[in-house]
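Trainee: Could you look at this predicted model? Sequence included:
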Amino acid sequence: MYYDPVEAMDRAALEELQVERLKETIANARKSPFYGARLAGVNPEDFKTPADITKLPFTTKDDLRSQYPHGLLTRPLDDFVRLHASSGTTGTPTAVFYTQKDLDTWADLMARSMHCCGCRKSDVCQNMSGYGLFTGGLGIHYGAERLGMLTIPAGAGNTKRQIKLIRDHNVSVLHIIPSFALYFAQKVEEAGYNVKEMPWRIALIGAEPHTEEARRKIEEMMHIKAYNSYGLSEMNGPGVAFECVEQKGMHLWEDAYIAEIINPDTGEHVAEGEIGELVMTTILRDGMPIIRYRTRDLTRFIPGQCGCGRTHRRIDRIAGRADDMMILKGVNIYPMQIEQTLMAMPEVGQNYLIELVREGVSDQMRVKVEIKDEFFVEDMRALQGLQKQIAKNLCNEILITPRVELCQSDSIPKAEGKAVRVVDRRGEED
Ligand code: ADP
Ligand code: ZN
């Protein structure tokens, strides 16, 4: 039933394992120049429960940047076989180095993740994310092979070829970025195929924030089951937390990571079930351990047991990055609040864009929304009712009324990789 018996390990034993691996990690991390200095006064014997991890200092993205490229390595460069870099969504990229042992651990975690949402050896997996420095390429690839699936490294883009490969090779599992999945469904229909007749059954979606409403829309439009996949390069890449078939949160693999959720302002743990910043420690990484990494991703632990029997705690879908928060007229707004409202409306198509503009002395939000073809008409006056309704629904959620602009499907430019949801034009002339 499980890929690895550790998935259903008794909690007490799992926590014991975490402590043991944490101690090893501290000793190992100290071999790196960065942690050698930072953890100088720490005694591994002071760690008796996973909660003792709070005795250790945080590591931030700025620390990784300041140590670029080799400051966190515990071994000579010769021992490493792979390098990945984050996509640099929020500034200078950081590099992550892997030994062969690290790649093996990662492939195992990834295979386990795909198995837990129903992928099997007999499946054919098409990886539609970009290969290269982005971990969603090779990370998913080696995991899919480890599970034993026939794996097609299709890469990003080229919709026509993607469709042909899927049909020719009976592809049953897709790894696809959620913003692209919505677009792809439409392209498949436009190419004259019925999505219900496509061979696929499972979509692994992740790498960028998306709402439950977007997931449901993908499932409906593609006639597929979509499972949330979470990871970040600093913690290997994908395969950190993954949804099981229950679709009620993502199991975070606690034999490989210690996860905490903190109040980003105070650094203290939040109460169980409350939302905060995810902080992660690698406890199975050999060449480049990272301790108490501030991910900036906002989520919460889902209380209670999962119906699937796995004992590893679940995190809720990522509500956004702490860096994504917009402050407008004194109100805090996250892009996912907007997506949630839009995607719940049947008239709304696949794409939207939030623009922040300055009008006179005040800041305004403009939301461009693609409307499904069957609801779109050239004469904008006929769409005024819909436009007002969208503005009203948004106001109910974010407490300010944005200017809503309706547009035709496929008219908002699409990013090649992760979607760009917010454009800040406040520095530009309007
Ligand atoms: P970058 O930080 O430059 O985008 P990565 O490729 O390492 O580089 O991306 C990791 C980040 O992507 C995570 O920290 C998170 O913000 C986002 N992410 C990854 N998977 C998901 C997911 N399933 N849901 C929401 N956000 C995700
Ligand atoms: Zn489960």
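Mentor: Cool, the structure landed. Ligands and ions are numbered 1, 2, ... in the order given.

Trainee: got the domain boundaries for the chain?
Mentor: Per the record, the chain has its domains at 1-323, 326-424, by automatic domain parsing.

Trainee: give the contact list for the residue in the stretch 151-300 of the chain positioned nearest to ligand 2.
Mentor: Per CB to the ion, Cys244 is where the stretch 151-300 of the chain lies closest to ligand 2, at 3.3 Å. Any C-beta I mention is one placed from the backbone N, CA and C, and that applies to glycine too. Contact analysis of Cys244 by CB atoms under 8 Å, 6 or more residues apart in numbering lists Cys116, Cys117, His251, Cys306, Cys308, Arg310.

Trainee: So which of those residues belong to strands?
Mentor: His251 (DSSP state E).

Trainee: Max pairwise distance over the contacts of Cys244: which two?
Mentor: Distance extremes for the contacts of Cys244: the farthest pair is Cys117 and Cys306 at 12.5 Å, using CB to CB.

Trainee: the more surrounded of these two?
Mentor: Using other CB atoms under 10 Å as the criterion, Cys117 and Cys306 rank with Cys117 on top: 24 against 16.

Trainee: Distance-wise, check that one relative to Ala226.
Mentor: In this view, Cys117 and Ala226 are 9 Å apart by CB to CB, to the nearest Å.

Trainee: and what of Val404?
Mentor: 27 Å.

Trainee: distance between stretch 201-217 and the chain's centre?
Mentor: Here stretch 201-217 shows a centroid-to-chain-centroid distance of 10 Å under the convention CA atoms, centre = their mean, to the nearest Å.

Trainee: Buried residues of it, list them for me.
Mentor: By neighbour count on 16 or more other CB atoms under 10 Å, the buried set for stretch 201-217 is 202-215, 217.

Trainee: for the record, mean pLDDT for that stretch?
Mentor: Mean pLDDT, stretch 201-217: 96.

Trainee: Can you dump the C-alpha atoms of it in CSV for me?
Mentor: The C-alpha trace of stretch 201-217 is given here as CSV (Å, rounded to 0.1, in the frame of the first residue of the first chain):
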residue,chain,number,x,y,z
ARG,A,201,-5.7,10.2,-15.4
ILE,A,202,-3.4,12.0,-13.0
ALA,A,203,-1.9,15.5,-13.1
LEU,A,204,0.9,16.5,-10.7
ILE,A,205,0.6,20.2,-10.3
GLY,A,206,2.8,22.5,-8.3
ALA,A,207,5.8,24.9,-8.4
GLU,A,208,3.6,27.9,-8.0
PRO,A,209,0.8,29.0,-5.7
HIS,A,210,-2.7,28.1,-6.9
THR,A,211,-6.1,27.8,-5.2
GLU,A,212,-8.5,25.0,-4.6
GLU,A,213,-10.8,26.7,-7.1
ALA,A,214,-8.0,26.5,-9.7
ARG,A,215,-7.4,22.9,-9.0
ARG,A,216,-11.1,22.1,-9.4
LYS,A,217,-11.1,24.0,-12.7
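
Trainee: ok, that stretch near ligand 1 or not?
Mentor: Yes - residues of stretch 201-217 contacting ligand 1 under CB under 6 Å from any ligand atom: Gly206, Ala207, Glu208, Pro209.
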